[in-house]
Every structure is written in C-alpha cells, then in structure tokens.
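[1] here's my sequence, what's the structure:
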Amino acid sequence: MYLALKAIKGKKHYYLRESFADGEFIKSRDIMDIGTNPGKHIIYPGGNSFYIDENLTDQLEFLNVDFDYDRLEDLFWPFVRPVIRYRLAPFRTREARQTKNEKNRKSKKIFDTHIFDRRRMHYLRFAQMDQKDLGRVSPTICRCLENKSRDEIEQYFLAEENILKKHEFKSYIYVIFDIQRHFKQMTAKLMPQALPQDDVDKYFLKELCRLNKDENFWVDIGIEKYLNEYLLRYAFMFFDSDYGPDPFLAEFVYDFMNKRRDFNPPRKQRMSAGQAGTILGVSEDKLKTMSISRLTRLYRRLASKHHPDKGGDHNTFVRLSQAYQDVLAEKKSV
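    The predicted structure follows:
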C-alpha cells in the first residue's frame, strides 16, 4: 500500500493505492480516494499521541483490503502536526511490516531495475553528473524499488525529488536522460552548459519521447497517446530552469587558489604619527597622549567639516579618515 499524489485542476489530490502481482508483472490499483488533505484523517486524542480515523480503517476492512496499521500510520506520518512529529520522531524506529499481498509479491520474479530508474537513484544518492561508475554501484541502492508497480515507483521518485534545489533541476534531467551520450565533446559529462543548447534541447525531447513509448517501462500504466503525466514534470523542470553553478569550474578555481596560497599581497602601510598629526591638526606628542574618546571627537568634528556632502574636498576627507583609522588601530594595539 502507498499514498499516491495526483494533480486535478491544479489541486493536489491523494489516493491510497496498492501494487499487486498480475502474472509476471506488478500492477497498481486505487483503493480509496482520501481527498485533498490526508491530515483530516488523523485524530489527536491529546498529548503527543495520534491515530488514524477509525472511519478510514473501517472502510478499508469493508473493502476487504489487507493492510497493516503501522504501515498505514507511516503513510500518514508526513501529515501529522509538525510539533508532534518532532516529539515522536526519536521513537519511530520500528521496522516496516509486510502485508500478505506484499509477501506474495516477494515470491514473484524480480525483474532488473530499469536503467532510467538506476540513473535517477544514482543522482539522488550521489549527485554526480558523470555516471561512469553507475555499473559498479551496488544494486542495493535500488532495493527499495523492487516488487513495486511502475505507478508506485513514480510516486516514490515524485517524493524523493523534493530534495533537489531549483538550480539542480536541469542538470538532473540532463543526467537521468543520458543526454551526454549524444555528444563527443570532453565537456559533455561535466559541463552541459558549454554544449550547443539547441542540440541539448533536441536530444532531450528525443529521449523523452523514446521513454514515453517504452512498453517495458510502462507495463503497469500502459502507453498513452500523449506524454505521460509522470514525464510531463520533467519537461517543465528542464525548460523552466537553468543550470546552476558549474562544479567543474568551481573545482578548477579552487585548485588554482590552492596552488597559489604561498602568495601574500603586500600589507597596507600605516600612516606615521607625524603625518597623521599634520592631517588631524595636532602635534605628534599630543596625538600620542590623546585618549580614544578625544581622538574620536576630534575626527568627527573634522569629518563634518571636510565631508564632500558638506562642500569639503573628497581627497582631504579620505586622508582624514585614513589618519584616524591608523591612529585608532595603533592605540588599540597598545
């Protein structure tokens, strides 16, 4: 059993669904429409406790749905009041139980994870543009996708992709559709923004349409006449966003800076006490014995007189400020 999200007339709508074995394949079906706000099915009896509305569980029993209450509670957990989630989170360490239907699906033949799913999982786990190591990554990272229908897998990625920042959208799409394989440039794996963008757009649409017509991918849902709604979001993510900061260029700059850390720019020379005294209009000896508060009052009086906004000379004001800062720094260091 899983919670599915669907947009209907611009509003989020939620359904309880389940994946089930149908011969060699795993398909999905709706169990119950739970509306636009799953939180309305959560009851708070007091304190930090909550439970799922009995009307919903009674309806599941009436529909003869095999479900585990703990699993049902896990599905509604994101919609529990934040303050209660915060207080109960440390205690939610139990292992997820399997329903009879899930156990039956475990006995069915497990097909290899689709390459598109592997690319998505790899990027979401490691955030790597270059997926040359994809074939050497342990298959356990995709274990959470085993024995799930295509609809349940897409709902899983719909939730997981929330960790992406907006500046990552385009790079993510570029990677998971393997657009880099259409280019021979050295920059294709790490700097897609350096490629001809018209060609990148063309190959993205080509790969998008190819996946949309892949019967093996859409076994559960079936091929649709138009672009599948699960792929439609990728079209929006690709064309409505731009590439973020280039990690390859950032690494180059960082390496460049590290190789030159032995370079120390010349320090700014402080003005001598004699020069500062001349600019501030006091003798060097008097300047040395002057307190910080008196120095500050002197500077403010001269600054108001020589400030450019009051008709003073800009260069004189700059030299006055420098003299004050240097004498002040010298007094604070004593």
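
[2] alpha carbons only for contacts and neighbour counts from here, please
    Noted.

[3] helix or strand next in line after the helix or strand of the chain with the lowest mean pLDDT, which one?
    The weakest-scoring helix or strand in the chain, judged by mean pLDDT, DSSP states H and E, is helix 100-106 (a mean of 49). Next helix or strand after helix 100-106 toward the C-terminus (DSSP states H and E): helix 115-126.

[4] all strands of the stretch 1-150 of the chain, in order?
    Per DSSP state E, counting those that start in this stretch, the stretch 1-150 of the chain carries strands over the ranges 2-8, 11-22, 25-35, 42-46, 49-52.

[5] would you turn these into TSV with mean pLDDT?
    Shown next, in TSV, are the strands of the stretch 1-150 of the chain (pLDDT from 0 to 100):
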stretch	mean pLDDT
strand 2-8	90
strand 11-22	91
strand 25-35	91
strand 42-46	92
strand 49-52	92
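
[6] what's the burial count for Phe177?
    Using other C-alpha atoms under 10 Å, Phe177 has 21 neighbouring residues.

[7] hmm, Lys206 and it touching each other?
    No. Counting by C-alpha atoms under 8 Å, Phe177 sits too far from Lys206 to count as a contact (9.7 Å).

[8] show me the helices in this protein, by range?
    Secondary structure of the chain by DSSP state H: the helices cover 54-62, 69-76, 82-88, 100-106, 115-126, 150-160, 169-176, 197-212, 229-239, 247-258, 273-280, 284-289, 292-306, 314-333.

[9] any idea how this protein splits into domains?
    Structurally, the chain divides into domains by automatic domain parsing as follows: 1-109, 112-265, 273-333.

[10] any idea how far the last one is from the middle of the chain?
    If you compare the mean C-alpha spot of domain 273-333 with that of the full chain, they lie 51 Å apart, counting by C-alpha atoms, centre = their mean, to the nearest Å.

[11] measure that domain end to end?
    Domain 273-333 has an end-to-end distance of 14 Å (C-alpha to C-alpha, to the nearest Å).

[12] what pLDDT is listed against the residue lying closest to His182 once chain neighbours are set aside?
    Closest residue to His182 apart from its sequence neighbours, by C-alpha to C-alpha, 6 or more residues apart in numbering: Tyr203 at 7.3 Å. pLDDT recorded at Tyr203 is 96.

[13] so what's the residue count around Glu224?
    Residues near Glu224, counting by other C-alpha under 10 Å, number 11.

[14] repeat that for Leu231.
    For Leu231, the neighbour count with other C-alpha under 10 Å is 14.

[15] and if you look at Arg119?
    19.

[16] tell me who's in contact with it.
    When contacts are counted by C-alpha atoms under 8 Å, 6 or more residues apart in numbering, Arg119 touches 131, 134, 175-176.

[17] gap between it and His167?
    Taking C-alpha to C-alpha, one finds Arg119 at 19 Å from His167.

[18] likewise Ala273?
    Applying C-alpha to C-alpha, the value for Ala273 to His167 is 53 Å.

[19] swap in Arg85?
    As for Arg85, its distance to His167 is 29 Å (criterion: C-alpha to C-alpha).

[20] ok, these two, which is more surrounded?
    Per other C-alpha under 10 Å, whichever of Arg85 and His167 has more neighbours is Arg85, with 16 against 13.

[21] tell me the pLDDT at the more buried one?
    91.

[22] how about it, nearest residue that isn't a chain neighbour?
    Closest residue to Arg85 apart from its sequence neighbours, by C-alpha to C-alpha, 6+ apart: Trp77 at 7.6 Å.

[23] can you give me the neighbour number for the one you found?
    Counted by other C-alpha under 10 Å, the residues lying close to Trp77 total 18.

[24] I figured Ile52 hits His41, correct?
    Yes. Using C-alpha under 8 Å, Ile52 is in contact with His41, at 5.9 Å.
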